[in-house]
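Novice: sharing a model that was predicted from the sequence below.
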Amino acid sequence: MPQNWTPAQTRSLLKGLAFISPWLVGFAGFVLYPIAASAYYSLTRYDVLRPARFIGLENYIELFGKDEIFRSVLGNTVYLVVLGVPAGLIVAFLLASLLNREMKLRPLFRTIFFLPVLVPAVASAEVWRWVYNTNYGVINSFIKSWGLAVIPFISSMELAKPSLILIHVWAQGTAIVIFLAALQDVPSSLMDAAEVDGANALQRFWHVTIPICTPAILFVMLTGMIGMFQYFTLGWLLTQGGPNNSTEFFSLYLYRNAFQFFKMGYASAQAWILFIIILAFTLLIFRSSARWVYYAGESD
Amino acid sequence: MQQAEAIASSPIQNLPFTQRPLFRVVQRTLFYLMMVALGLVFAGPLLWMLSTSLKTDPQVYTVPPIWIPNPVRLINYPEALSSRPFGTYTFNTLRYGIGAVAGALISNTLVAYGFARIRWPGRDIFFIICLSTMMIPFQVRMIPLYLTFKNLGWLNTYLPLIVPTFLGVNAYYTFLLRQFFLTIPSELSDAARVDGCTELGILIRIILPLAKPALAVIGLLQFMFAWDNYIGPLIYLNSEDLYPIALGLQQFRTMFQEELMWPYMMAASTATAAPVIILYFFVQRTFVEGISITGLKG
């Protein structure tokens, strides 16, 4: 502690630390320690029954060099993030913009668009398994009655990932609420000024509404990206990684390695790769945000 | 003057096309048609769930499908829910959910107070560290946490699901509460300090009564998380009499053969989703406000 501190400063420091002490303990025990331990395990072979054995970078070499499944896992996960996050974001933003207009029954519509996010993932998985059913699911049942070929949503390699993204797009309630709040902050004076200047509705949306909402878009994009890289429950329940590994995502493969094959070291190495990928994407988005995020408080 | 006369003589023709009444009516109608269509698409899967849960078997396998069951088979619900210990599942979820809610409220109140209402050297650095933990994927911590809990003998108990909440490890809640605490005028605390009130006293007597809406949001989010959480219980629990509803529903699924179980499966799914949806209707406003606080200031 620096010498020139006053006793009052020391007292306030102790007070502050006392209040955040639950977090300090939690951070040390449930964040810092696990991260360090996982870094160490990633350099070992560890099946829980026998003690961990140090093997250097072998797990990483195997993952990138030999593991064919891991390669498709990487591809599947990036597919899910790169298509799923923007798809969800765009749909949420459009729905929020529609809800932001003057209309009758607005609370009803808002509730309908918000409801899917409240449905627990396990129930949601069962509902969509039934919606996507090839024989009597609601979509294919209609298609059959029109004499067309059924759509093998989650049972075909090509459609399994898009079908899971569709479920994600359906459950955008949180993003919709965030966007609605941001849209209500768009100053009407600005919209009126743009209208006087001859901007049509589409131009106003593109040049006024969207720029004002970019901080909210950044927030939804970041949290969505971090969440999507960890996509687990729906994939685990609906497709179990299949057909033919087409929906084997990062967290599924990692869970399998850790808790079904008991390759704790191998799974830890995967966890670290995931961590680094998420960090890289976060930095990328933050870096680019200087160019497209508009903060009303800034003066330029 | 001339212009005014022209408008008076033929008002409609002089308006820009997009402001004419007929255009407005057509536009409005198309807008509502689109909203209704979108509403039906988004409500579709849940209506399909509800509809199937009330059908008899032959009605399930009708092509094209029927939406309104006739006859309505309400007994699907008791039959489905009694074929597995759903009462126990629910009780288990409540047990660990309430513990986790208490933990999240107590720990995050203290931590957020330390970050928002006391000025101390190093506070901002600690806060940034706290926030940046949101970026760490659970998968990185999952394996060491599992091994730690195993060594502590906590596997197959609710401790791994409850204890961390008492240590404020969910930075999202801390952030949300801190943002709320910052909006409370500091004059209130200063006056109390002059009167000789301790920080804990200020927190309990002044801040907490004002922060009820924010606390409600955190309690609700944590409870919904507990109701929804699948991977946590999947890793830490292995005996069925401890299963929460999320694992219970999956257990229920494995009992039935595909194709022959849909009304039961949908009845159980509806029953699983219903408590959260009903809770939402009671606290809708608080909830929506809470989510928007974080979004706006994120």
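Specialist: Arrived safely.

Novice: how about low-confidence regions in chain B?
Specialist: Residue ranges of chain B with pLDDT under 70: B:1-18, B:257-260, B:290-298.

Novice: stretch A:259-268: end-to-end distance?
Specialist: Stretch A:259-268 stretches 12 Å from its first residue to its last (C-alpha to C-alpha, to the nearest Å).

Novice: ok, A:Val48 to chain B distance?
Specialist: 7 Å (C-beta to the nearest C-beta, to the nearest Å). Using the backbone N, CA and C atoms, a C-beta is placed for each residue, glycine as well.

Novice: that residue and A:Lys263 touch, don't they?
Specialist: No - using C-beta atoms under 8 Å, A:Val48 is not in contact with A:Lys263, being 9.7 Å away.

Novice: looking at these two, which one has more neighbours?
Specialist: Applying other C-beta atoms under 10 Å in any protein chain shown to A:Val48 and A:Lys263 shows that A:Lys263 carries more neighbours, namely 19 against 15.

Novice: which one is the more buried one nearest to, not counting chain neighbours?
Specialist: A:Asn257 (4.7 Å; C-beta to C-beta, 6 or more residues apart in numbering or on different chains).

Novice: doesn't A:Ser268 make contact with that neighbour?
Specialist: No - between A:Asn257 and A:Ser268 there is no contact under C-beta under 8 Å: 9.2 Å.

Novice: quick check: buried residues in the host helix or strand of A:Ser288?
Specialist: Assigned by DSSP states H and E, A:Ser288 falls within helix A:264-292. Judged by neighbour count (16 or more other C-beta atoms under 10 Å in any protein chain shown), helix A:264-292 contains these buried residues: A:264-275, A:277-278, A:281.

Novice: B:Arg84 should be in a helix, yeah?
Specialist: No - counting by DSSP: H, G, I helix; E, B strand; the rest coil, B:Arg84 is not found in a helix; it is coil.

Novice: any idea how far chain A is from it?
Specialist: 13 Å.

Novice: leaving out chain neighbours, which residue sits closest to that residue?
Specialist: Here the residue nearest B:Arg84, using C-beta to C-beta, 6+ apart, is B:Phe252, at 4.7 Å.

Novice: okay, now the one you found: neighbour count?
Specialist: Neighbour tally, B:Phe252, other C-beta under 10 Å: 25.

Novice: hmm, it is touching B:Met266, no?
Specialist: No - taking contacts as C-beta under 8 Å, B:Phe252 lies outside contact range of B:Met266: 11.6 Å.

Novice: circling back: is the helix holding A:Ser288 in proximity to chain B?
Specialist: Yes - with C-beta under 8 Å from any C-beta of the partner chain as the criterion, chain B is reached by helix A:264-292 at A:Met264, A:Ala267, A:Ser268, A:Gln270, A:Ala271, A:Trp272, A:Leu274, A:Phe275, A:Ile278, A:Leu279, A:Thr282.

Novice: average model confidence for that helix?
Specialist: For helix A:264-292, mean pLDDT rounds to 94.

Novice: that helix packs against which elements?
Specialist: The contact analysis (3 or more C-beta pairs under 8 Å, 6 or more residues apart in numbering or on different chains; DSSP states H and E) places helix A:264-292 against helix A:33-41, strand A:44-45, helix A:58-65, helix A:210-229, helix A:250-255, helix B:138-151.
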